[in-house]
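A.B. asks: Following is a predicted model, sequence given first.
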Amino acid sequence: MGTGGPTSRRLHRRVRNQRGFTLVELLVVITIIALIMGIVGPRVLNYLTESKAKAAKIQIESFSSALDLFFLDTGRYPNTSEGLTALVRRPGAINAWNGPYLKGGTVPPDPWGNQYVYRSPGQHGTYDILSYGSDGTEGGTGAAQDITSWQR
(Lines give C-alpha, C1' and ligand atoms only; values in the text may rest on other atoms or scores of the structure.)
Protein backbone atom coordinates (compact mmCIF):
# COMPACT_ATOMS: atom_id res chain seq x y z
CA MET A 1 0.00 0.00 0.00
CA GLY A 2 1.79 3.10 -1.16
CA THR A 3 1.16 6.76 -0.73
CA GLY A 4 -0.22 8.71 -3.60
CA GLY A 5 -3.06 6.37 -4.56
CA PRO A 6 -6.03 7.62 -6.63
CA THR A 7 -7.96 8.76 -3.54
CA SER A 8 -5.00 10.72 -2.24
CA ARG A 9 -4.46 12.43 -5.60
CA ARG A 10 -8.13 13.46 -5.85
CA LEU A 11 -8.06 14.90 -2.33
CA HIS A 12 -4.83 16.78 -3.07
CA ARG A 13 -6.29 18.16 -6.33
CA ARG A 14 -9.50 19.23 -4.52
CA VAL A 15 -7.53 21.03 -1.79
CA ARG A 16 -5.33 22.73 -4.39
CA ASN A 17 -8.39 23.95 -6.34
CA GLN A 18 -10.05 25.42 -3.22
CA ARG A 19 -8.87 28.94 -2.70
CA GLY A 20 -9.27 31.13 0.35
CA PHE A 21 -10.52 34.68 0.38
CA THR A 22 -8.36 37.22 -1.35
CA LEU A 23 -7.06 40.26 0.48
CA VAL A 24 -9.46 42.49 -1.46
CA GLU A 25 -12.46 40.36 -0.46
CA LEU A 26 -11.42 40.49 3.19
CA LEU A 27 -10.97 44.27 3.02
CA VAL A 28 -14.43 44.69 1.47
CA VAL A 29 -16.04 42.59 4.21
CA ILE A 30 -14.18 44.48 6.96
CA THR A 31 -15.22 47.82 5.40
CA ILE A 32 -18.88 46.76 5.26
CA ILE A 33 -18.78 45.64 8.90
CA ALA A 34 -17.14 48.93 9.92
CA LEU A 35 -19.83 50.93 8.08
CA ILE A 36 -22.61 48.97 9.74
CA MET A 37 -21.04 49.46 13.18
CA GLY A 38 -20.62 53.17 12.45
CA ILE A 39 -24.33 53.47 11.74
CA VAL A 40 -25.72 51.06 14.35
CA GLY A 41 -23.23 51.64 17.18
CA PRO A 42 -24.25 55.19 18.14
CA ARG A 43 -27.93 54.25 18.09
CA VAL A 44 -27.33 51.32 20.42
CA LEU A 45 -25.34 53.55 22.80
CA ASN A 46 -28.14 56.14 22.70
CA TYR A 47 -30.73 53.50 23.59
CA LEU A 48 -28.52 52.28 26.44
CA THR A 49 -28.19 55.82 27.81
CA GLU A 50 -31.95 56.42 27.55
CA SER A 51 -32.73 53.10 29.23
CA LYS A 52 -30.48 53.92 32.19
CA ALA A 53 -32.22 57.28 32.65
CA LYS A 54 -35.63 55.57 32.48
CA ALA A 55 -34.48 52.95 35.00
CA ALA A 56 -33.40 55.72 37.39
CA LYS A 57 -36.81 57.42 37.04
CA ILE A 58 -38.57 54.14 37.77
CA GLN A 59 -36.38 53.50 40.83
CA ILE A 60 -37.09 57.01 42.12
CA GLU A 61 -40.83 56.40 41.70
CA SER A 62 -40.42 53.11 43.58
CA PHE A 63 -38.65 54.94 46.41
CA SER A 64 -41.49 57.49 46.47
CA SER A 65 -44.07 54.72 46.85
CA ALA A 66 -42.02 53.08 49.60
CA LEU A 67 -41.64 56.44 51.36
CA ASP A 68 -45.42 56.91 51.25
CA LEU A 69 -45.87 53.50 52.91
CA PHE A 70 -43.26 54.46 55.51
CA PHE A 71 -45.21 57.68 56.15
CA LEU A 72 -48.52 55.81 56.50
CA ASP A 73 -46.97 53.48 59.10
CA THR A 74 -44.92 55.99 61.07
CA GLY A 75 -46.61 59.36 60.50
CA ARG A 76 -43.46 60.94 59.10
CA TYR A 77 -40.88 60.62 56.34
CA PRO A 78 -37.31 59.61 57.14
CA ASN A 79 -35.07 62.61 57.77
CA THR A 80 -31.93 63.25 55.73
CA SER A 81 -29.64 61.49 58.21
CA GLU A 82 -31.84 58.35 58.23
CA GLY A 83 -31.98 58.48 54.44
CA LEU A 84 -33.39 55.81 52.18
CA THR A 85 -31.83 53.19 54.46
CA ALA A 86 -34.85 53.74 56.74
CA LEU A 87 -36.86 51.90 54.07
CA VAL A 88 -34.93 48.68 54.68
CA ARG A 89 -33.74 49.03 58.32
CA ARG A 90 -35.74 50.33 61.25
CA PRO A 91 -34.54 53.74 62.37
CA GLY A 92 -33.78 53.90 66.11
CA ALA A 93 -36.87 55.08 67.97
CA ILE A 94 -39.68 54.19 65.55
CA ASN A 95 -42.06 51.52 66.86
CA ALA A 96 -44.64 51.57 64.05
CA TRP A 97 -42.09 50.65 61.36
CA ASN A 98 -43.47 47.71 59.32
CA GLY A 99 -40.69 47.41 56.75
CA PRO A 100 -38.70 46.61 54.90
CA TYR A 101 -40.43 48.71 52.28
CA LEU A 102 -38.06 47.77 49.45
CA LYS A 103 -37.49 44.28 48.05
CA GLY A 104 -34.10 42.75 48.56
CA GLY A 105 -33.37 44.39 51.89
CA THR A 106 -30.99 46.96 50.40
CA VAL A 107 -31.28 50.34 48.73
CA PRO A 108 -30.10 49.76 45.17
CA PRO A 109 -27.61 52.15 43.58
CA ASP A 110 -28.59 54.17 40.53
CA PRO A 111 -27.98 52.59 37.10
CA TRP A 112 -24.47 54.13 37.03
CA GLY A 113 -23.49 52.54 40.36
CA ASN A 114 -23.82 55.69 42.49
CA GLN A 115 -25.96 56.14 45.60
CA TYR A 116 -29.16 58.14 45.32
CA VAL A 117 -29.28 61.43 47.20
CA TYR A 118 -32.18 61.81 49.66
CA ARG A 119 -33.07 65.03 51.46
CA SER A 120 -35.93 65.56 53.88
CA PRO A 121 -37.17 68.16 54.20
CA GLY A 122 -36.52 68.74 50.53
CA GLN A 123 -36.06 71.94 48.58
CA HIS A 124 -38.70 70.92 46.03
CA GLY A 125 -41.17 69.01 48.20
CA THR A 126 -41.52 67.07 51.42
CA TYR A 127 -38.45 65.14 50.29
CA ASP A 128 -36.09 65.19 47.33
CA ILE A 129 -34.59 62.10 45.70
CA LEU A 130 -32.04 62.46 42.95
CA SER A 131 -29.44 60.67 40.91
CA TYR A 132 -26.54 62.72 39.58
CA GLY A 133 -26.62 60.81 36.28
CA SER A 134 -23.76 59.19 34.44
CA ASP A 135 -21.07 61.60 35.66
CA GLY A 136 -21.99 61.21 39.34
CA THR A 137 -21.77 64.96 39.98
CA GLU A 138 -24.46 67.58 40.44
CA GLY A 139 -25.69 69.27 37.27
CA GLY A 140 -24.95 68.18 33.76
CA THR A 141 -26.69 67.80 30.43
CA GLY A 142 -27.52 64.90 28.17
CA ALA A 143 -26.47 61.55 29.66
CA ALA A 144 -24.96 63.37 32.65
CA GLN A 145 -28.24 65.14 33.47
CA ASP A 146 -29.54 64.75 37.01
CA ILE A 147 -32.70 62.65 37.44
CA THR A 148 -34.95 63.90 40.21
CA SER A 149 -38.17 63.12 42.06
CA TRP A 150 -39.63 66.55 41.30
CA GLN A 151 -39.13 66.41 37.50
CA ARG A 152 -41.19 63.55 36.14
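C.D. replies: Perfect, I can see it now. Predicted, not measured: the structure shown is a model, and the values here were computed from it. Numbering: from 1, shown residues only.
A.B. asks: CA only for contacts and neighbour counts going forward, please
C.D. replies: Fine.
A.B. asks: low-scoring stretches of the protein, by residue?
C.D. replies: 1-19, 47, 152 (pLDDT under 70).
A.B. asks: Which strands or helices does the longest helix along it pack on?
C.D. replies: Of all the segments assigned as helix in the chain under DSSP state H, the longest by residue count is helix 23-74. Here helix 23-74 touches strand 128-131, strand 147-148, going by 3 or more C-alpha pairs under 8 Å, 6 or more residues apart in numbering; DSSP states H and E.
A.B. asks: of all the ones you listed, which lies closest to G92?
C.D. replies: In terms of C-alpha to C-alpha, the element of the helices and strands packed on helix 23-74 nearest to G92 is strand 128-131, at 22.0 Å.
A.B. asks: Which strands and helices lie in contact with the closest one?
C.D. replies: Against strand 128-131 (3+ C-alpha pairs under 8 Å, 6+ apart) you get helix 23-74, strand 117-119, strand 147-148.
A.B. asks: Looking at those, which one is packed in the most?
C.D. replies: Of all the helices and strands packed on strand 128-131, strand 147-148 has the most neighbours on average by mean count of other C-alpha atoms under 10 Å, namely a mean of 20.
A.B. asks: just checking, what packs against it?
C.D. replies: Using 3+ C-alpha pairs under 8 Å, 6+ apart: strand 147-148 touches helix 23-74, strand 128-131.
A.B. asks: Right, I'll call it a day here.
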